[in-house]
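Undergrad: turn this into a model:
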Amino acid sequence: MSRYVVIYVIVLGWIVTAQARELEVGSQRAVTSLKEALKIAQDGDILCVDPGTYTPDTVLIIDKSIKLYAQGEVHIKAAEGQGIFEIRADSVSIVGFHLSDVGRSYIKDLSAIWVDYSKHFEISHNKILNCFFGVFCTKSSNGIIRHNVVKSNAEEEHSSANAIHLWYCKKIRIENNLAQQHRDGIYLEFVDSSVIRYNVSTQNLRYGLHFMFSHNNEYAYNVFKTNGSGVAVMFSRHITMHKNHFLNNWGDAAYGLLIKEIYDATLSDNLFYKNTTGVFAEGSSRVAMKDNVFDSNGWAIKMRGNSAKNEISYNSFVGNSFDIATEAKKEENLYHHNYWDDYSGYDLDRDGVGDVPHRPVNLFSYLVSRVDESILLLRSSFVQVLNMAEKVTPALTPVSLVDEQPLMRSPH
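TA: Next up is the predicted model:
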């Protein structure tokens, strides 16, 4: 019986291949409009669109398993009050288009490309400019969004949307995209088992990358630069965060990374450079922070007292105004084998580990965490005297927050 099944599958494959067509679309072709091409297309067809500017009078609905390829510079402008493409079928590809001018809406999620209930889709090598949402995916899976440029001109959060937005999706790969000047560069809500790699997210008003209620995801090798804040991971479990760059996310409430109510996560081999706060942790537990570099931040790490059972190890703290800040009197996180540039201990046995424990929270840092206005005294010589007195005889700072094995040299 199995032999007949194999033969049936092979024959079916030949039939599908024979039926698949390549349709050419353009002003000099038999099919002149994308709307007409999508109407006559069949599952498996390939639509090749000639260079030119196309302005459809309504949204282009793709309800068949087809592939759309731009042959050269193909510019599609949205109709007024409409998106451009809506994908409502499996195995759809949209490759190489220039999409623009999707207007804002307060009642509709207007987007250049909306992927709805689709599997095995591909959105790649597109240029999406001045659109409300760039790529918007709902209830979709096993897709890839890669090598796209998604840029807008957002000025206020309430009237802008996201470059790449996923809702209730799984197994999505988001790779090698540029997301710029939207509300959020990349937004994931109820998104599981997905990978975000090699993207650049910059100049977005709120976050470069934003997770909500999303589990078992990985983001790596991304650059988050000059956003309102770099990344926010909230109410999520099992997130792997490694080899990212969090750069120049600077402002009154700016973070390189905000982790809120996340559990069983890994933060490793990242660079936090010139952020107001490198990492802000609130209500998060069992997070391993290791092998990261915190360089020239205002605060390297702000750890709220409701964050416990986290391990901070083998990191380098260099040139930060404050390395660690907490308002907790009792510390329930583990710090060990970190490099602190203000460590003043010694290493008599030359094993690379300091013989004297290091207390990274000084008195002034502790005061600032409780009284914001005291930051005005940052450069005061009086503060230095207070810090020295507290270091000799700790009275206010959390005695249990200590690195018992500080490194003498940076491991990075």
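
Undergrad: burial count for K309?
TA: Per other CB atoms under 10 Å, the neighbour tally for K309 reads 12. For every residue, glycine as well, the C-beta is placed using N, CA and C.

Undergrad: before we move on, what about D57?
TA: For D57, the count of nearby residues is 9 (other CB under 10 Å).

Undergrad: three-state assignment of K35?
TA: Following DSSP: H, G, I helix; E, B strand; the rest coil, the label given to K35 is helix.

Undergrad: how near is the residue lying closest to it once chain neighbours are set aside to H182?
TA: Leaving out its chain neighbours, the residue that sits closest to K35 by CB to CB, 6 or more residues apart in numbering is P56, at 5.6 Å. Distance of P56 to H182, computed by CB to CB, to the nearest Å: 24 Å.

Undergrad: give me the more crowded residue out of these two.
TA: H182 (31 against 17).

Undergrad: wait, doesn't the more buried one sit right on S201?
TA: No - using CB atoms under 8 Å, H182 is not in contact with S201, being 9.1 Å away.

Undergrad: quick check, the residue nearest to K35 in a helix?
TA: No - assignment of P56 by three-state DSSP gives coil, placing it outside any helix.

Undergrad: which ones are touching it?
TA: Listed by CB atoms under 8 Å, 6 or more residues apart in numbering, the contact partners of P56 are S33, L34, K35, I76, A79, I84.

Undergrad: ok so, going back, what's the overlap in contacts for H182 and S201?
TA: A163.

Undergrad: in the stretch 301-412 of the chain, what spans have low per-residue confidence?
TA: Filtered on pLDDT under 70, the stretch 301-412 of the chain yields the residue ranges 362-399.

Undergrad: what segments of it are strands?
TA: For the stretch 301-412 of the chain, applying DSSP state E, counting those that start in this stretch gives strands covering 311-313, 316-318, 322-325, 334-336, 339-340.

Undergrad: from these, which stretch is densest packed?
TA: A comparison of the strands of the stretch 301-412 of the chain by mean neighbour count, using mean count of other CB atoms under 10 Å, puts strand 322-325 on top with a mean of 24.

Undergrad: in its sheet, what does that one sit against?
TA: Using DSSP bridges, the strands paired with strand 322-325 in its sheet are strand 299-303 (parallel).

Undergrad: next up, the contacts around Q71.
TA: Here Q71 is in contact with C48, V49, D50, P51 (CB under 8 Å, 6+ apart).

Undergrad: bridged to the first one, which residues?
TA: Right, the one you point to is C48. Bridge pairing for C48 - DSSP bridges - gives E24, Y69.

Undergrad: wait, it touches K67, no?
TA: No - between C48 and K67 there is no contact under CB under 8 Å: 9.2 Å.

Undergrad: please tell me how far the most centrally placed residue in the chain sits from V223.
TA: Residue closest to the average C-alpha location in the chain (CA atoms, centre = their mean): L209, at 2.9 Å. Remark: distance between L209 and V223 (CB to CB) = 11 Å.

Undergrad: quick one: the helices in the stretch 1-150 of the chain?
TA: When assigned using DSSP state H, counting those that start in this stretch, the helices of the stretch 1-150 of the chain occupy the ranges 2-19, 34-40.

Undergrad: and these, which one averages the lowest pLDDT?
TA: Note on the helices of the stretch 1-150 of the chain: lowest mean pLDDT is at helix 2-19, with a mean of 42.

Undergrad: domains of the protein?
TA: The chain breaks down into these domains under automatic domain parsing: 24-209, 228-412.

Undergrad: E218: which of those is closest?
TA: domain 228-412 (4.2 Å; CB to CB).

Undergrad: quick one: end-to-end distance for that closest one.
TA: This stretch, domain 228-412, spans 28 Å end to end (CA to CA, to the nearest Å).

Undergrad: now it: how far from the chain's centre is it?
TA: Once both centres are worked out by CA atoms, centre = their mean, to the nearest Å, domain 228-412 turns out to sit 22 Å from its chain's centre.

Undergrad: again with stretch 38-47
TA: Per CA atoms, centre = their mean, the displacement of stretch 38-47 from the mean C-alpha position of its chain is 35 Å.

Undergrad: stretch 79-88 too?
TA: Taking CA atoms, centre = their mean, one finds stretch 79-88 lying 26 Å from the centre of the chain it belongs to.
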